[in-house]
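Trainee: model this:
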Amino acid sequence: IKDTRLRGSIDLKYNLTEALSIQGLAGYTYNTRDNLTYKGTLQVDQTLFQGPAQLRNNLAETGLLTLQMFTNYQLNLSEHQLNFVGGYSFEKEQYGFMEAFRDNFPNDVLYKLNAGSTANMQNSGSGYEWAIQSLFGRVNYSLKNRYLFEVNARYDGSSRFPTKNRYGFFPSASAGWIISEESFFQNDWVDFLKLRASWGSLGNQNIGNYPYQQMFNLSVPSYPLGRGSEVLQPSAAVTVAPNTDITWETTTTTDIGAEIGLAGGKLDFEIDYFIKNTRDILYNVSTSYILGLTSSEVNAGAVQNKGWDFRIQHRNTLNDFSYGISANFSVVNNKVTELAGLKQDIERGLFVGHPLQSIYGYVVDGLFVDENDIQNYPTQPYTAVPGEYRFKDLNGDGKVTPEHDRKVIGNQFPKYSYGLNLNARYKGFDLALLLRGLGGANRMIISNHQGRALYLGSNVQEWMYNNRWTSENPNPNATYPRMTTHSDGVHTWASSYW
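Mentor: As a prediction, this is how the structure comes out:
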(Lines give C-alpha, C1' and ligand atoms only; values in the text may rest on other atoms or scores of the structure.)
Protein backbone atom coordinates (compact mmCIF):
# COMPACT_ATOMS: atom_id res chain seq x y z
CA ILE A 1 0.00 0.00 0.00
CA LYS A 2 1.33 3.41 -0.96
CA ASP A 3 -0.38 6.53 0.42
CA THR A 4 0.28 10.04 -0.82
CA ARG A 5 -1.18 12.99 1.04
CA LEU A 6 -0.98 16.66 0.17
CA ARG A 7 -2.49 19.40 2.30
CA GLY A 8 -2.20 23.10 1.66
CA SER A 9 -3.91 26.25 2.86
CA ILE A 10 -3.63 30.02 2.65
CA ASP A 11 -5.11 32.65 4.97
CA LEU A 12 -5.28 36.35 4.14
CA LYS A 13 -6.66 39.08 6.38
CA TYR A 14 -6.96 42.82 5.71
CA ASN A 15 -8.13 45.51 8.14
CA LEU A 16 -10.10 48.12 6.20
CA THR A 17 -10.60 50.18 9.35
CA GLU A 18 -10.00 49.63 13.03
CA ALA A 19 -13.48 48.15 13.34
CA LEU A 20 -13.89 46.47 9.93
CA SER A 21 -11.84 43.60 8.49
CA ILE A 22 -12.11 41.00 5.76
CA GLN A 23 -10.53 37.55 5.70
CA GLY A 24 -10.19 34.84 3.11
CA LEU A 25 -9.15 31.23 3.49
CA ALA A 26 -8.48 28.54 0.89
CA GLY A 27 -7.49 24.94 1.47
CA TYR A 28 -6.98 21.85 -0.61
CA THR A 29 -6.48 18.24 0.43
CA TYR A 30 -5.37 15.57 -2.03
CA ASN A 31 -5.05 11.89 -1.08
CA THR A 32 -4.17 8.87 -3.17
CA ARG A 33 -3.93 5.23 -2.15
CA ASP A 34 -2.24 2.72 -4.43
CA ASN A 35 -2.97 -0.80 -3.19
CA LEU A 36 -1.17 -3.69 -4.89
CA THR A 37 -1.94 -7.26 -3.79
CA TYR A 38 0.04 -10.14 -5.29
CA LYS A 39 -0.64 -13.80 -4.50
CA GLY A 40 2.16 -16.02 -5.74
CA THR A 41 2.19 -19.75 -6.42
CA LEU A 42 2.86 -22.13 -3.54
CA GLN A 43 3.29 -25.91 -3.48
CA VAL A 44 2.00 -26.70 0.02
CA ASP A 45 2.54 -30.45 -0.24
CA GLN A 46 2.34 -33.20 -2.83
CA THR A 47 -1.43 -32.81 -3.21
CA LEU A 48 -2.09 -29.14 -2.40
CA PHE A 49 -1.05 -26.33 -4.74
CA GLN A 50 -1.98 -22.67 -4.45
CA GLY A 51 -2.19 -20.87 -7.75
CA PRO A 52 -2.17 -19.54 -10.34
CA ALA A 53 -0.33 -16.35 -9.38
CA GLN A 54 -2.58 -13.30 -9.45
CA LEU A 55 -2.25 -9.55 -9.09
CA ARG A 56 -4.92 -7.03 -8.11
CA ASN A 57 -4.05 -3.34 -8.27
CA ASN A 58 -6.45 -0.56 -7.24
CA LEU A 59 -5.93 3.17 -7.10
CA ALA A 60 -8.18 5.64 -5.26
CA GLU A 61 -7.80 9.40 -5.21
CA THR A 62 -9.72 12.09 -3.33
CA GLY A 63 -9.58 15.85 -3.71
CA LEU A 64 -11.30 18.28 -1.31
CA LEU A 65 -11.42 22.02 -2.00
CA THR A 66 -12.49 24.47 0.73
CA LEU A 67 -13.03 28.22 0.26
CA GLN A 68 -14.17 30.67 2.95
CA MET A 69 -14.55 34.44 3.18
CA PHE A 70 -15.44 36.47 6.29
CA THR A 71 -16.31 40.06 7.05
CA ASN A 72 -16.01 41.16 10.68
CA TYR A 73 -17.27 44.43 12.16
CA GLN A 74 -16.91 45.47 15.82
CA LEU A 75 -18.40 48.51 17.49
CA ASN A 76 -17.78 49.51 21.12
CA LEU A 77 -19.70 52.50 22.47
CA SER A 78 -19.52 52.86 26.22
CA GLU A 79 -22.15 50.42 27.47
CA HIS A 80 -22.86 48.94 24.02
CA GLN A 81 -20.85 46.25 22.25
CA LEU A 82 -21.82 45.10 18.77
CA ASN A 83 -20.13 42.43 16.67
CA PHE A 84 -21.12 41.33 13.18
CA VAL A 85 -19.71 38.43 11.18
CA GLY A 86 -20.86 37.62 7.66
CA GLY A 87 -19.39 35.17 5.22
CA TYR A 88 -19.47 32.69 2.37
CA SER A 89 -18.14 29.13 2.23
CA PHE A 90 -17.76 26.57 -0.53
CA GLU A 91 -16.72 22.93 -0.29
CA LYS A 92 -16.34 20.37 -3.05
CA GLU A 93 -15.07 16.78 -3.00
CA GLN A 94 -14.17 14.60 -5.96
CA TYR A 95 -13.35 10.89 -5.74
CA GLY A 96 -12.14 8.40 -8.30
CA PHE A 97 -11.39 4.67 -8.12
CA MET A 98 -9.82 2.27 -10.62
CA GLU A 99 -8.98 -1.44 -10.30
CA ALA A 100 -7.24 -3.97 -12.56
CA PHE A 101 -6.65 -7.72 -12.26
CA ARG A 102 -4.59 -10.37 -14.06
CA ASP A 103 -3.40 -13.89 -13.26
CA ASN A 104 -1.17 -16.65 -14.66
CA PHE A 105 2.11 -14.83 -14.20
CA PRO A 106 5.24 -16.57 -15.56
CA ASN A 107 7.03 -16.29 -12.19
CA ASP A 108 6.81 -14.66 -8.76
CA VAL A 109 9.48 -12.06 -9.47
CA LEU A 110 7.89 -9.98 -12.22
CA TYR A 111 4.56 -8.86 -10.77
CA LYS A 112 3.51 -6.06 -13.10
CA LEU A 113 0.12 -6.11 -14.78
CA ASN A 114 1.46 -6.50 -18.30
CA ALA A 115 3.29 -9.66 -17.29
CA GLY A 116 0.04 -11.48 -16.53
CA SER A 117 -2.23 -13.29 -18.93
CA THR A 118 -4.94 -11.34 -20.76
CA ALA A 119 -7.32 -14.31 -20.73
CA ASN A 120 -8.88 -13.51 -17.36
CA MET A 121 -8.02 -9.85 -17.03
CA GLN A 122 -10.58 -7.59 -15.35
CA ASN A 123 -10.91 -3.88 -14.80
CA SER A 124 -13.41 -1.57 -13.14
CA GLY A 125 -13.76 2.04 -12.05
CA SER A 126 -16.07 4.41 -10.24
CA GLY A 127 -16.27 7.96 -8.96
CA TYR A 128 -18.43 10.60 -7.39
CA GLU A 129 -18.48 14.28 -6.52
CA TRP A 130 -20.51 16.55 -4.27
CA ALA A 131 -20.50 20.20 -3.27
CA ILE A 132 -22.07 22.53 -0.71
CA GLN A 133 -22.06 26.32 -0.49
CA SER A 134 -23.33 28.60 2.25
CA LEU A 135 -24.04 32.20 3.14
CA PHE A 136 -24.01 32.87 6.88
CA GLY A 137 -24.11 35.71 9.36
CA ARG A 138 -24.00 36.36 13.08
CA VAL A 139 -24.80 39.46 15.16
CA ASN A 140 -23.82 39.74 18.84
CA TYR A 141 -25.03 42.58 21.04
CA SER A 142 -24.15 43.24 24.68
CA LEU A 143 -25.61 45.96 26.87
CA LYS A 144 -23.75 46.84 30.05
CA ASN A 145 -22.08 43.40 29.94
CA ARG A 146 -25.19 41.88 31.44
CA TYR A 147 -27.85 41.77 28.69
CA LEU A 148 -26.68 39.50 25.88
CA PHE A 149 -28.28 38.85 22.51
CA GLU A 150 -27.21 36.84 19.47
CA VAL A 151 -28.83 36.15 16.10
CA ASN A 152 -27.50 33.68 13.51
CA ALA A 153 -28.62 32.69 10.03
CA ARG A 154 -27.41 30.24 7.40
CA TYR A 155 -28.49 29.73 3.81
CA ASP A 156 -27.07 26.39 2.66
CA GLY A 157 -27.18 24.76 -0.76
CA SER A 158 -26.23 21.13 -1.44
CA SER A 159 -25.69 19.24 -4.69
CA ARG A 160 -27.33 16.22 -3.02
CA PHE A 161 -30.78 17.76 -3.43
CA PRO A 162 -32.68 18.63 -6.64
CA THR A 163 -32.71 22.24 -7.83
CA LYS A 164 -36.16 23.01 -6.43
CA ASN A 165 -35.12 21.90 -2.90
CA ARG A 166 -31.40 22.60 -3.03
CA TYR A 167 -31.29 25.50 -0.57
CA GLY A 168 -32.41 25.71 3.03
CA PHE A 169 -32.60 28.61 5.49
CA PHE A 170 -31.62 27.91 9.09
CA PRO A 171 -31.91 30.74 11.66
CA SER A 172 -31.18 30.80 15.39
CA ALA A 173 -31.30 33.27 18.26
CA SER A 174 -30.26 33.39 21.91
CA ALA A 175 -30.45 35.75 24.89
CA GLY A 176 -28.77 35.87 28.27
CA TRP A 177 -29.06 37.87 31.47
CA ILE A 178 -26.13 38.03 33.91
CA ILE A 179 -28.07 38.78 37.06
CA SER A 180 -24.96 38.91 39.23
CA GLU A 181 -23.91 42.13 37.41
CA GLU A 182 -27.04 43.96 38.53
CA SER A 183 -26.67 46.57 41.29
CA PHE A 184 -29.52 45.03 43.28
CA PHE A 185 -27.77 41.63 43.41
CA GLN A 186 -25.90 41.35 46.69
CA ASN A 187 -24.88 37.84 47.73
CA ASP A 188 -21.64 36.83 49.44
CA TRP A 189 -21.93 33.20 48.34
CA VAL A 190 -22.94 33.59 44.70
CA ASP A 191 -20.24 35.11 42.47
CA PHE A 192 -21.94 34.54 39.14
CA LEU A 193 -25.55 33.96 38.11
CA LYS A 194 -26.74 33.84 34.52
CA LEU A 195 -30.04 32.88 32.90
CA ARG A 196 -30.10 32.05 29.19
CA ALA A 197 -32.45 30.84 26.49
CA SER A 198 -31.94 29.87 22.87
CA TRP A 199 -33.77 28.63 19.81
CA GLY A 200 -32.25 27.50 16.54
CA SER A 201 -32.38 25.21 13.55
CA LEU A 202 -29.76 23.29 11.58
CA GLY A 203 -29.89 21.30 8.36
CA ASN A 204 -28.52 17.85 7.54
CA GLN A 205 -27.44 16.73 4.06
CA ASN A 206 -25.36 13.67 4.98
CA ILE A 207 -26.85 11.13 2.57
CA GLY A 208 -25.84 9.53 -0.71
CA ASN A 209 -24.59 11.76 -3.49
CA TYR A 210 -27.31 11.20 -6.10
CA PRO A 211 -30.61 10.28 -4.39
CA TYR A 212 -32.79 12.33 -6.76
CA GLN A 213 -31.24 11.20 -10.04
CA GLN A 214 -32.07 8.13 -12.09
CA MET A 215 -29.04 5.89 -11.70
CA PHE A 216 -28.07 2.81 -13.71
CA ASN A 217 -26.21 0.01 -11.98
CA LEU A 218 -23.47 -1.40 -14.19
CA SER A 219 -22.47 -4.10 -11.68
CA VAL A 220 -25.13 -6.54 -12.83
CA PRO A 221 -24.72 -9.89 -14.60
CA SER A 222 -23.86 -9.83 -18.31
CA TYR A 223 -26.10 -11.63 -20.83
CA PRO A 224 -25.64 -13.19 -24.29
CA LEU A 225 -27.56 -11.33 -26.98
CA GLY A 226 -28.71 -12.86 -30.20
CA ARG A 227 -29.67 -16.40 -31.22
CA GLY A 228 -26.91 -18.88 -30.59
CA SER A 229 -24.56 -16.25 -29.22
CA GLU A 230 -22.21 -17.28 -26.40
CA VAL A 231 -20.58 -13.88 -26.03
CA LEU A 232 -21.60 -12.08 -22.84
CA GLN A 233 -22.53 -8.44 -23.36
CA PRO A 234 -22.26 -5.76 -20.63
CA SER A 235 -25.59 -4.67 -19.17
CA ALA A 236 -27.13 -2.02 -16.94
CA ALA A 237 -30.20 -1.97 -14.71
CA VAL A 238 -32.18 0.42 -12.55
CA THR A 239 -31.96 -0.96 -9.00
CA VAL A 240 -32.80 2.13 -6.88
CA ALA A 241 -35.96 4.23 -7.11
CA PRO A 242 -34.99 7.95 -7.17
CA ASN A 243 -36.68 10.57 -5.01
CA THR A 244 -37.14 13.83 -6.91
CA ASP A 245 -38.75 15.56 -3.90
CA ILE A 246 -35.97 14.99 -1.36
CA THR A 247 -34.94 18.00 0.72
CA TRP A 248 -33.06 19.03 3.86
CA GLU A 249 -33.52 17.32 7.19
CA THR A 250 -34.07 20.02 9.82
CA THR A 251 -33.41 19.92 13.56
CA THR A 252 -34.91 22.66 15.76
CA THR A 253 -33.70 23.02 19.34
CA THR A 254 -35.13 25.08 22.21
CA ASP A 255 -33.00 25.40 25.35
CA ILE A 256 -33.46 27.16 28.69
CA GLY A 257 -30.59 27.13 31.17
CA ALA A 258 -28.83 28.68 34.12
CA GLU A 259 -25.22 29.02 35.27
CA ILE A 260 -24.16 29.56 38.88
CA GLY A 261 -20.69 30.26 40.26
CA LEU A 262 -19.93 29.95 44.00
CA ALA A 263 -17.04 30.30 46.44
CA GLY A 264 -14.85 32.59 44.39
CA GLY A 265 -15.05 30.52 41.21
CA LYS A 266 -14.22 27.25 42.95
CA LEU A 267 -17.65 25.70 42.41
CA ASP A 268 -19.81 25.96 39.27
CA PHE A 269 -23.25 24.57 38.39
CA GLU A 270 -25.03 24.40 35.04
CA ILE A 271 -28.53 23.17 34.29
CA ASP A 272 -30.38 23.03 30.97
CA TYR A 273 -33.80 21.91 29.81
CA PHE A 274 -34.04 21.23 26.09
CA ILE A 275 -36.50 20.15 23.42
CA LYS A 276 -35.04 18.98 20.13
CA ASN A 277 -37.36 18.24 17.21
CA THR A 278 -36.02 16.73 14.00
CA ARG A 279 -38.34 16.70 10.99
CA ASP A 280 -38.04 15.50 7.40
CA ILE A 281 -35.62 12.83 8.62
CA LEU A 282 -33.58 11.32 5.80
CA TYR A 283 -33.62 7.53 5.76
CA ASN A 284 -34.32 4.56 3.52
CA VAL A 285 -37.88 3.33 3.94
CA SER A 286 -38.26 -0.45 3.99
CA THR A 287 -39.96 -1.58 0.77
CA SER A 288 -41.58 -4.79 -0.41
CA TYR A 289 -39.48 -7.18 -2.49
CA ILE A 290 -42.33 -7.11 -5.02
CA LEU A 291 -41.22 -3.60 -6.01
CA GLY A 292 -37.96 -4.96 -7.36
CA LEU A 293 -36.12 -1.77 -6.36
CA THR A 294 -34.61 -0.41 -3.20
CA SER A 295 -35.59 3.06 -2.03
CA SER A 296 -33.48 6.20 -2.09
CA GLU A 297 -33.43 8.26 1.07
CA VAL A 298 -36.74 10.03 1.70
CA ASN A 299 -37.91 12.71 4.15
CA ALA A 300 -39.93 10.15 6.02
CA GLY A 301 -40.23 10.98 9.68
CA ALA A 302 -39.86 13.13 12.75
CA VAL A 303 -38.18 12.50 16.11
CA GLN A 304 -38.31 14.39 19.41
CA ASN A 305 -35.68 14.48 22.15
CA LYS A 306 -36.66 16.14 25.40
CA GLY A 307 -34.65 16.22 28.59
CA TRP A 308 -32.26 17.75 31.12
CA ASP A 309 -28.50 18.35 31.29
CA PHE A 310 -26.70 18.84 34.62
CA ARG A 311 -23.08 19.75 35.23
CA ILE A 312 -21.06 20.51 38.38
CA GLN A 313 -17.41 21.50 38.59
CA HIS A 314 -14.98 22.18 41.44
CA ARG A 315 -11.51 23.72 41.07
CA ASN A 316 -8.95 24.60 43.72
CA THR A 317 -5.26 25.33 44.26
CA LEU A 318 -3.27 24.54 47.42
CA ASN A 319 0.27 25.88 47.10
CA ASP A 320 1.95 23.74 44.41
CA PHE A 321 -0.98 21.35 44.17
CA SER A 322 -4.07 22.04 42.04
CA TYR A 323 -6.99 19.81 41.17
CA GLY A 324 -10.34 19.78 39.40
CA ILE A 325 -13.43 17.61 39.55
CA SER A 326 -16.35 17.82 37.15
CA ALA A 327 -19.38 15.59 36.68
CA ASN A 328 -22.25 15.62 34.20
CA PHE A 329 -25.57 13.84 33.94
CA SER A 330 -28.18 13.89 31.19
CA VAL A 331 -31.62 12.37 30.87
CA VAL A 332 -33.30 12.22 27.46
CA ASN A 333 -36.78 11.06 26.48
CA ASN A 334 -36.65 10.08 22.84
CA LYS A 335 -39.57 9.12 20.60
CA VAL A 336 -40.56 8.88 16.96
CA THR A 337 -43.45 11.27 16.27
CA GLU A 338 -43.99 10.72 12.53
CA LEU A 339 -43.06 7.97 10.07
CA ALA A 340 -44.08 8.60 6.47
CA GLY A 341 -47.75 8.10 7.27
CA LEU A 342 -47.04 4.73 8.85
CA LYS A 343 -47.18 3.54 12.43
CA GLN A 344 -44.08 1.36 12.28
CA ASP A 345 -41.11 0.17 10.24
CA ILE A 346 -40.30 -3.15 11.91
CA GLU A 347 -37.17 -3.87 9.89
CA ARG A 348 -35.50 -0.63 11.06
CA GLY A 349 -36.86 -0.64 14.61
CA LEU A 350 -38.99 2.50 14.16
CA PHE A 351 -42.37 2.82 15.88
CA VAL A 352 -44.41 5.99 16.33
CA GLY A 353 -44.58 6.93 20.00
CA HIS A 354 -41.52 4.84 20.91
CA PRO A 355 -37.75 5.57 21.03
CA LEU A 356 -35.39 5.02 18.13
CA GLN A 357 -33.80 1.56 17.88
CA SER A 358 -36.80 -0.10 19.51
CA ILE A 359 -36.75 -3.87 20.00
CA TYR A 360 -39.84 -5.60 18.59
CA GLY A 361 -40.66 -9.16 19.54
CA TYR A 362 -42.72 -11.69 21.46
CA VAL A 363 -43.65 -11.45 25.13
CA VAL A 364 -42.59 -14.65 26.91
CA ASP A 365 -44.76 -16.08 29.70
CA GLY A 366 -42.14 -18.49 31.02
CA LEU A 367 -41.20 -21.91 29.63
CA PHE A 368 -43.42 -24.89 28.85
CA VAL A 369 -43.41 -27.43 31.70
CA ASP A 370 -44.71 -30.50 29.84
CA GLU A 371 -46.89 -31.64 26.92
CA ASN A 372 -50.06 -30.94 28.88
CA ASP A 373 -48.92 -27.34 29.34
CA ILE A 374 -48.41 -27.06 25.58
CA GLN A 375 -51.87 -28.44 24.77
CA ASN A 376 -53.61 -26.02 27.16
CA TYR A 377 -51.78 -22.92 25.92
CA PRO A 378 -52.51 -20.90 22.75
CA THR A 379 -51.02 -22.40 19.59
CA GLN A 380 -47.40 -21.30 19.14
CA PRO A 381 -45.75 -20.07 15.91
CA TYR A 382 -43.27 -22.95 16.14
CA THR A 383 -43.35 -26.63 17.06
CA ALA A 384 -43.31 -26.23 20.82
CA VAL A 385 -41.55 -28.67 23.12
CA PRO A 386 -41.20 -28.68 26.93
CA GLY A 387 -38.49 -26.34 28.13
CA GLU A 388 -38.99 -23.76 25.37
CA TYR A 389 -40.82 -20.46 25.19
CA ARG A 390 -44.48 -19.75 25.92
CA PHE A 391 -45.19 -16.75 23.68
CA LYS A 392 -48.19 -14.75 24.85
CA ASP A 393 -51.34 -14.48 22.76
CA LEU A 394 -51.66 -10.69 22.85
CA ASN A 395 -54.88 -10.36 20.83
CA GLY A 396 -56.62 -13.32 22.49
CA ASP A 397 -57.56 -15.27 19.34
CA GLY A 398 -56.15 -18.55 20.62
CA LYS A 399 -53.04 -18.60 18.46
CA VAL A 400 -49.75 -16.71 18.45
CA THR A 401 -48.72 -15.18 15.12
CA PRO A 402 -45.92 -12.79 14.17
CA GLU A 403 -48.44 -10.42 12.57
CA HIS A 404 -50.65 -9.91 15.65
CA ASP A 405 -48.75 -10.99 18.75
CA ARG A 406 -45.52 -9.02 18.78
CA LYS A 407 -44.94 -5.63 20.37
CA VAL A 408 -42.21 -3.19 21.39
CA ILE A 409 -40.45 -4.93 24.29
CA GLY A 410 -37.49 -2.57 24.78
CA ASN A 411 -35.17 -0.11 23.07
CA GLN A 412 -31.46 0.34 22.48
CA PHE A 413 -31.50 4.15 22.73
CA PRO A 414 -29.82 5.21 26.03
CA LYS A 415 -31.99 7.36 28.28
CA TYR A 416 -29.18 8.38 30.61
CA SER A 417 -25.60 9.48 30.04
CA TYR A 418 -23.12 10.51 32.68
CA GLY A 419 -19.46 11.28 33.11
CA LEU A 420 -16.75 12.17 35.59
CA ASN A 421 -13.52 14.10 34.92
CA LEU A 422 -10.69 14.19 37.46
CA ASN A 423 -7.42 16.04 37.07
CA ALA A 424 -4.57 17.00 39.37
CA ARG A 425 -1.25 18.77 39.01
CA TYR A 426 1.74 18.96 41.33
CA LYS A 427 4.75 20.94 40.11
CA GLY A 428 5.82 19.18 36.90
CA PHE A 429 3.48 16.20 37.24
CA ASP A 430 -0.13 15.94 36.15
CA LEU A 431 -2.81 13.27 36.17
CA ALA A 432 -6.14 13.05 34.34
CA LEU A 433 -8.97 10.52 34.51
CA LEU A 434 -12.06 10.43 32.29
CA LEU A 435 -15.06 8.17 32.94
CA ARG A 436 -18.15 7.89 30.73
CA GLY A 437 -21.32 5.82 30.99
CA LEU A 438 -24.74 5.17 29.47
CA GLY A 439 -27.91 3.75 30.99
CA GLY A 440 -31.59 3.13 30.42
CA ALA A 441 -31.14 0.97 27.30
CA ASN A 442 -31.81 -2.68 26.48
CA ARG A 443 -29.69 -5.21 24.63
CA MET A 444 -30.51 -8.60 23.15
CA ILE A 445 -28.03 -11.34 24.02
CA ILE A 446 -29.21 -13.95 21.50
CA SER A 447 -27.41 -12.28 18.61
CA ASN A 448 -24.06 -13.85 19.52
CA HIS A 449 -22.52 -17.03 20.87
CA GLN A 450 -22.19 -15.50 24.33
CA GLY A 451 -25.90 -15.85 24.99
CA ARG A 452 -26.60 -19.10 23.13
CA ALA A 453 -25.24 -22.44 24.33
CA LEU A 454 -24.34 -25.00 21.65
CA TYR A 455 -25.07 -22.50 18.84
CA LEU A 456 -23.21 -23.91 15.82
CA GLY A 457 -21.22 -26.05 18.23
CA SER A 458 -20.26 -23.26 20.62
CA ASN A 459 -19.37 -23.93 24.26
CA VAL A 460 -21.63 -23.87 27.31
CA GLN A 461 -21.09 -21.30 30.03
CA GLU A 462 -21.44 -22.18 33.69
CA TRP A 463 -24.43 -19.89 34.31
CA MET A 464 -26.29 -21.49 31.41
CA TYR A 465 -25.69 -25.02 32.60
CA ASN A 466 -26.49 -24.40 36.28
CA ASN A 467 -29.70 -22.45 35.58
CA ARG A 468 -31.11 -24.37 32.62
CA TRP A 469 -34.53 -26.00 32.33
CA THR A 470 -34.45 -29.78 32.64
CA SER A 471 -37.09 -32.50 32.71
CA GLU A 472 -35.98 -33.30 36.27
CA ASN A 473 -36.43 -29.65 37.27
CA PRO A 474 -39.08 -28.25 34.86
CA ASN A 475 -38.98 -24.72 36.25
CA PRO A 476 -41.14 -22.46 34.01
CA ASN A 477 -39.08 -19.48 35.19
CA ALA A 478 -35.64 -20.99 34.60
CA THR A 479 -32.96 -18.49 33.58
CA TYR A 480 -31.99 -20.61 30.56
CA PRO A 481 -34.27 -22.85 28.41
CA ARG A 482 -33.59 -26.48 27.62
CA MET A 483 -30.22 -27.07 26.05
CA THR A 484 -30.09 -28.28 22.48
CA THR A 485 -27.77 -27.91 19.52
CA HIS A 486 -29.17 -25.40 17.03
CA SER A 487 -28.30 -22.92 14.34
CA ASP A 488 -31.29 -20.63 13.92
CA GLY A 489 -35.03 -20.94 14.50
CA VAL A 490 -37.00 -19.97 17.59
CA HIS A 491 -33.86 -19.49 19.69
CA THR A 492 -32.91 -16.48 17.54
CA TRP A 493 -36.30 -14.73 17.62
CA ALA A 494 -36.45 -11.46 19.53
CA SER A 495 -38.45 -11.88 22.73
CA SER A 496 -38.68 -10.54 26.26
CA TYR A 497 -36.92 -13.71 27.49
CA TRP A 498 -33.61 -12.47 26.10
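Trainee: what helix or strand is residue 92 on?
Mentor: strand 80-103 (DSSP states H and E).
Trainee: For that strand, could you pull out the residues that count as buried?
Mentor: 81-87, 89, 91, 93, 95, 100-103 (16 or more other Cβ atoms under 10 Å). Where you see a C-beta, it was placed from the backbone N, CA and C, and this is true even at glycine.
Trainee: Mind giving me the packing neighbours of the longest strand that the chain contains?
Mentor: When the chain is parsed with DSSP state E, its longest strand is strand 117-143. Helices and strands touching strand 117-143, by 3 or more Cβ pairs under 8 Å, 6 or more residues apart in numbering; DSSP states H and E, are strand 80-103, strand 147-158.
Trainee: Please compute how far the longest one lies from its chain's middle.
Mentor: Here strand 80-103 is found 21 Å from its chain centre; the criterion is Cα atoms, centre = their mean, to the nearest Å.
Trainee: relative orientation of it and strand 117-143 in degrees?
Mentor: Orientation check (axes from the mean of the first three to the mean of the last three Cα atoms, to 10 degrees): strand 80-103 against strand 117-143 gives 170 degrees.
Trainee: Same check on the shortest one?
Mentor: Using the same axes, to 10 degrees, the direction of strand 147-158 lies 160 degrees away from that of strand 117-143.
Trainee: C-terminal to strand 147-158, what's the next element?
Mentor: Past strand 147-158, the next helix or strand by DSSP H and E is strand 167-178.
Trainee: tell me the phi and psi of the closest residue to residue 370 other than its chain neighbours?
Mentor: The shortest distance from residue 370 to any non-neighbouring residue, by Cβ to Cβ, 6 or more residues apart in numbering, is to residue 386 (5.2 Å). Phi and psi for residue 386, reported as degrees, to the nearest 10, are phi -60, psi 140.
Trainee: Can you get me a residue count around residue 386?
Mentor: Per other Cβ atoms under 10 Å, the neighbour tally for residue 386 reads 19.
Trainee: That one against residue 371, yeah?
Mentor: Yes - using Cβ atoms under 8 Å, residue 386 makes contact with residue 371 at a distance of 6.6 Å.
Trainee: quick one: the helices in the protein?
Mentor: 371-375, 462-466 (DSSP state H).
Trainee: May I see the buried residues of the first one?
Mentor: What it means is helix 371-375. 373-374.
Trainee: Tell me how many other residues crowd the closest residue to residue 421 other than its chain neighbours.
Mentor: Closest residue to residue 421 apart from its sequence neighbours, by Cβ to Cβ, 6+ apart: residue 326 at 4.6 Å. As a burial measure, residue 326 scores 15 neighbours (other Cβ under 10 Å).
Trainee: Would you map the strands across the stretch 151-300 of the chain?
Mentor: 167-178, 190-204, 223-224, 232-233, 240-241, 249-262, 267-284, 294-295, 297-318 (DSSP state E, counting those that start in this stretch).
Trainee: I'd like those strands laid out as a markdown table, including mean neighbour count and mean pLDDT.
Mentor: As requested, these are exported to a markdown table (neighbours: other Cβ atoms under 10 Å; pLDDT from 0 to 100):
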| stretch | mean neighbour count | mean pLDDT |
| --- | --- | --- |
| strand 167-178 | 17 | 97 |
| strand 190-204 | 16 | 95 |
| strand 223-224 | 10 | 72 |
| strand 232-233 | 10 | 73 |
| strand 240-241 | 17 | 84 |
| strand 249-262 | 17 | 96 |
| strand 267-284 | 17 | 94 |
| strand 294-295 | 15 | 80 |
| strand 297-318 | 16 | 93 |
